[in-house]
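Student: Build me a model from this:
(2 chains)
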2 protein chains.
Amino acid sequence: MTSAQDHPQAGAQGKSPETGPITISLDAMGGDHGPAAVLAGAARAASRNAQLRLLIHGDTAALEPLMTQHADLASRVTLRHADRAVTMEDKPSQVMRHGKDTSMWSTIAALREGDAQAAVSCGNTGALMAVSMLQLRRMEGVSRPGIACLWPARGKHGFNIMLDVGADLKADAPDLLAYAIMGATYFRNGFNEPIPRVGLLNVGTEDHKGRAEIRAAHELIANCQETGRYEYVGFVEGNDIPAEHVDVVVTDGFTGNVALKTGEGTARLIGDFLREALRSNLIAGLGALLASRSIEKLRQRIDPRRVNGGVFLGLNGTVVKSHGSADETGVAAAIDLAAKLAQSGYRGRMAERLVIAAQAAQDAGKEGAAG
Amino acid sequence: MTSAQDHPQAGAQGKSPETGPITISLDAMGGDHGPAAVLAGAARAASRNAQLRLLIHGDTAALEPLMTQHADLASRVTLRHADRAVTMEDKPSQVMRHGKDTSMWSTIAALREGDAQAAVSCGNTGALMAVSMLQLRRMEGVSRPGIACLWPARGKHGFNIMLDVGADLKADAPDLLAYAIMGATYFRNGFNEPIPRVGLLNVGTEDHKGRAEIRAAHELIANCQETGRYEYVGFVEGNDIPAEHVDVVVTDGFTGNVALKTGEGTARLIGDFLREALRSNLIAGLGALLASRSIEKLRQRIDPRRVNGGVFLGLNGTVVKSHGSADETGVAAAIDLAAKLAQSGYRGRMAERLVIAAQAAQDAGKEGAAG
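Tutor: Below you'll find the model as predicted:
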């Protein structure tokens, strides 16, 4: 299915993944702003990283004219044609059965076939997860893969991570344990933090709070600290997601998705209110002008587009899901993240830990049933 | 149990509740900052509202010395002794069985007995809901009462409301319908908006998204627009909670609680980042000084303490739950809200609508089972 022509960088890849070229398989279709925004984001990411190569999937009749605006990119991009694009309305089950001619399918296929080291798509999350699961398969010990997002935070790394933020709508206790292990591995490798601190999202920090599956996960996660190489800090609440005492916040995909979008919405609301307030009179406007560099720095620190990109964890391959509404900045951030992860080799010993933990969860379940 | 001495204002109450004195039953114990913060908040609320009377419950040995700092309040406050306080660790079921001597119990009992028109507590939410349900009873047609919070928003009223934010951990479709009706009634009366717009919180806006109970609620809420006197705008996402196209956001108590705290945490994080950014250099500092009045206005607009106070909906009585961590400002805001609601008579026709809607939900359930 692929040829050297399709992927001219493959042969040139060096032995050291940290310094050699890295190829990202990129879905140009399916984002709210269309392929132009995706290509602009690709160009921006490429301008920041000389090692980056891109294998871009979509309707070449639409992509080729757009590529003329990025002439400097030509030598680093390979286009691969796909007849169709997955829409936001498509059901994952339909795409799984009838989606082989879509750009999303092709994007993940290139990863499976080794033509790229990581994949990025702005498309329909459910479909992307379904297609990724089908082609890449789940890692052993994982029944529900998760999507992890970065969250601007108070700690020394500037970010916490949270998962799941929308791969699945539900999670039982063993799933939440797997999220703890996967999240800790991602954070350890992404931020050089040997023992990340894991918290479980709940409506209170007392032991008796929350739904039954959350209380069961509370015990499981506490008991697997050694295996997972994390420190468990117990229940955390919504206001703790950016807290200094936690690195990895674990929750089910429904709650995590609502929390993520609520945080983004709040940040945008406050940004707009701030702009309004500073324009409300001349003196405030002058003050804003003087403080503009600092305010811009703040804006960058909390801009959801700059921390854009959810990482699919628990699959045999690195897939980054960008927001559907991501613009050039957001797409570039997602590509940056994919490249960084592919080079870090974060999936190293995660597989082994997941198998041990899954066994522990199963044993605990049996004990619970017997007791 | 009560006497004229206990409640000297009762006889003085005028015919018009909007202008006459209003008595709030206030639990002084159980907040994170202790009774001193609660009394300070009471004093602040009283200084803003000449009609306000307070019936304050707690350990009089602790309260009386504190009251000497609020001498001007003496004529408007009645203390009622309670031996114990409910703690954040107490389980609701324990408080229901063994909590008759607590300040929380006494606070709600005064409301039930007509000694006050609304009640406020900063204590343990679960226990407060349990004690309120036991003493005040649910309204007909309500199986799960909800807690509604105010959310700073873009619309003309400056606020949206969201419920449930923590009364119950679960909600099935008929519960979500009841939240829609109760939320719309609260918004209609609180903001003079004849037909509030209701949205259902989900992880996407397409019809097929979300868990089964949410998709069932989607239909129920759409079908009860006339009965409930609201306009249903469909699914909304986390970033829509402060949106202009919705007034009332409906969700289960687990998700709502996480979203509320996530929004508060994000607002606090950005506030702290802003302060840091403005102090980072001299020019920014000068700019901040010039813009300080506008920035302060913004801070007030988004300060979670100023919008503090969740309203319990679906009970035969008005109970406002303040944050456990509420300080003087937060307690005062909760008392303001309780007074405003008690005077608005918002529970008017809500009861009738709930009964009609509960019947509709039941019929839909039967049809669903038959079809």
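
Student: count of neighbours near the closest residue to A:Asp83 other than its chain neighbours?
Tutor: Nearest in space to A:Asp83, with sequence neighbours left out and distances taken as Cβ to Cβ, 6 or more residues apart in numbering or on different chains, is A:Asp101 at 4.5 Å. Just so you know, the C-beta spots here come from the backbone N, C-alpha and C atoms, and that holds for glycine as well. Residues lying near A:Asp101 (other Cβ atoms under 10 Å in any protein chain shown) number 12.

Student: And A:Asp101, how far from A:Ala351?
Tutor: As defined by Cβ to Cβ, to the nearest Å, A:Asp101 lies at a distance of 32 Å from A:Ala351.

Student: Mind jotting down where the helices sit in chain A?
Tutor: Ranges of helices within chain A are A:34-48, A:60-67, A:92-98, A:103-112, A:125-136, A:173-191, A:212-223, A:225-228, A:253-278, A:282-290, A:292-302, A:328-344, A:350-370, based on DSSP state H.

Student: mind checking which of the ones you listed is nearest B:Tyr232?
Tutor: Closest to B:Tyr232 of those, according to Cβ to Cβ: helix A:253-278, at 19.1 Å.

Student: List of residues touching stretch A:330-339?
Tutor: Residues outside stretch A:330-339 that contact it (Cβ atoms under 8 Å, 6 or more residues apart in numbering or on different chains): A:22, A:24, A:26, A:31, A:37-38, A:40-42, A:44-45, A:48-49, A:51-52, A:54, A:118-120, A:122, A:150, A:304-309, A:311, A:318, A:320-323, A:326.

Student: err, stretch A:283-301, not the other one
Tutor: Applying Cβ under 8 Å, 6+ apart, the set of residues contacting stretch A:283-301 from outside is A:152, A:158, A:271, A:274, A:277-279, A:306, B:270, B:273-274, B:277-278, B:280-281, B:283-284, B:286-295.

Student: Who are the contact partners of the closest residue to chain B within the stretch 51-200 of chain A?
Tutor: In the stretch 51-200 of chain A, the residue that lies nearest chain B is A:Leu169 (5.4 Å; Cβ to the nearest Cβ). Remark: with contacts taken as Cβ under 8 Å, 6+ apart, A:Leu169 is in contact with A:Asp252, A:Gly253, A:Phe254, B:Val203, B:Gly210, B:Arg211.

Student: ok, it to A:Glu213 distance?
Tutor: Here A:Leu169 is placed at a distance of 13 Å from A:Glu213 (Cβ to Cβ).

Student: which secondary element of chain A has the worst mean pLDDT?
Tutor: Sorted by mean pLDDT, DSSP states H and E, the helices and strands of chain A end with helix A:292-302, the least confident at a mean of 69.

Student: what about the residue nearest to A:Asn49 when sequence neighbours are not counted, how many neighbours?
Tutor: If you skip the residues right next to it in sequence, A:Asn49 has A:Ala339 as its closest partner in space, 6.1 Å away by Cβ to Cβ, 6+ apart. The burial metric for A:Ala339, expressed as a neighbour count using other Cβ under 10 Å, is 25.

Student: which bits of the stretch 101-250 of chain A sit near chain B?
Tutor: For the stretch 101-250 of chain A, the contact set with chain B under Cβ under 8 Å from any Cβ of the partner chain comprises A:152-154, A:166, A:169-170, A:201, A:203, A:206, A:208, A:210-211, A:237-243.

Student: Among those, name the buried ones.
Tutor: For these, burial is judged from neighbour counts taken by 16 or more other Cβ atoms under 10 Å in any protein chain shown, and it is met by A:152-153, A:166, A:169, A:201, A:203, A:206, A:210, A:237-243.

Student: before we move on, back to that, rebuild the contacts of A:Leu169 as JSON lines, extending it with pLDDT and distance to A:Gly141.
Tutor: What follows is the contacts of A:Leu169, written out as JSON lines (pLDDT from 0 to 100; distance: Cβ to Cβ, whole Å):
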{"residue": "A:Asp252", "pLDDT": "96", "distance to A:Gly141": "18"}
{"residue": "A:Gly253", "pLDDT": "94", "distance to A:Gly141": "18"}
{"residue": "A:Phe254", "pLDDT": "95", "distance to A:Gly141": "23"}
{"residue": "B:Val203", "pLDDT": "92", "distance to A:Gly141": "26"}
{"residue": "B:Gly210", "pLDDT": "84", "distance to A:Gly141": "28"}
{"residue": "B:Arg211", "pLDDT": "87", "distance to A:Gly141": "25"}
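
Student: Can you check the pLDDT for A:His33?
Tutor: pLDDT recorded at A:His33 is 89.

Student: what sits against A:Val249?
Tutor: A:151, A:160-163, A:183, A:198-201, A:236, A:240-241.

Student: Once you drop chain neighbours, what's closest to it?
Tutor: Counting by Cβ to Cβ, 6+ apart, A:Val249 lies nearest to A:Met162, which is 4.2 Å off, once chain neighbours are set aside.

Student: what about the nearest residue in space to A:Ala284 that is not next to it in sequence, how many residues close to it?
Tutor: For A:Ala284, ignoring the flanking residues on the chain, the nearest one in space by Cβ to Cβ, 6+ apart is B:Ser294 at 3.9 Å. The burial count assigned to B:Ser294 is 21, neighbours taken as other Cβ under 10 Å.

Student: Of the contacts of stretch A:283-301, select the buried ones using a PyMOL command.
Tutor: To isolate the buried members of these in PyMOL, using 16+ other Cβ under 10 Å:
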select buried, (chain A and resi 152+271+274+277+278+306) or (chain B and resi 270+273+274+277+278+280+284+287+288+290+291+294+295)
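
Student: roughly how far apart are the most centrally placed residue in chain A and chain B?
Tutor: Most central in chain A under Cα atoms, centre = their mean is A:Gly310, positioned 1.6 Å from the mean C-alpha point. Plainly put, A:Gly310 is 13 Å away from chain B if you go by Cβ to the nearest Cβ, to the nearest Å.

Student: give me the low-pLDDT residue ranges for the stretch 251-371 of chain A?
Tutor: In the predicted model, the stretch 251-371 of chain A carries pLDDT under 70 at residues A:295, A:298-308, A:348, A:367-371.

Student: which residues does A:Leu220 contact?
Tutor: By Cβ under 8 Å, 6+ apart, the residues touching A:Leu220 are A:Ala173, A:Pro174, A:Leu176, A:Leu177, A:Ala360, A:Ala361, A:Ala364.

Student: before we move on, the earlier item: the residue nearest to A:Val249 pairs with what?
Tutor: Note on A:Met162: beta-bridge partners A:Cys149, A:Val249, judged by DSSP bridges.

Student: To B:His81, which of the helices of chain A lies closest?
Tutor: Taking Cβ to Cβ as the measure, the helices of chain A were each checked against B:His81, and helix A:212-223 came out nearest at 36.8 Å.

Student: hmm, which two among the contacts of A:Leu169 are most spread apart?
Tutor: Greatest spacing in those, by Cβ to Cβ: A:Asp252 and B:Gly210 (12.8 Å).

Student: Look at A:Ala167 and report its pLDDT.
Tutor: Reading off the confidence values, A:Ala167 has pLDDT 84.

Student: contacting residues for it?
Tutor: A:Ala167 makes contact with A:Thr125, A:Met129, A:Arg144, A:Pro145, A:Gly146, A:Ile147, A:Gly253, A:Phe312 under the criterion Cβ under 8 Å, 6+ apart.

Student: switch the cut-off to 6 Å
Tutor: Residues touching A:Ala167, when contacts are defined by Cβ atoms under 6 Å, 6 or more residues apart in numbering or on different chains, comprise A:Met129, A:Pro145, A:Gly146, A:Ile147, A:Gly253.

Student: now swap in A:Ala118 and tell me
Tutor: By Cβ under 6 Å, 6+ apart, the contact set of A:Ala118 is A:Ile24, A:Thr318, A:Ala338, A:Ala342.

Student: now A:Glu244
Tutor: Contacts for A:Glu244 were tallied using Cβ under 6 Å, 6+ apart; they are A:Arg154, A:Gly155.

Student: Looking at it now. What's its pLDDT?
Tutor: As predicted, A:Glu244 sits at a pLDDT of 96.

Student: distance of A:Ala43 from B:Ala333?
Tutor: Separation of A:Ala43 from B:Ala333 (Cβ to Cβ): 50 Å.
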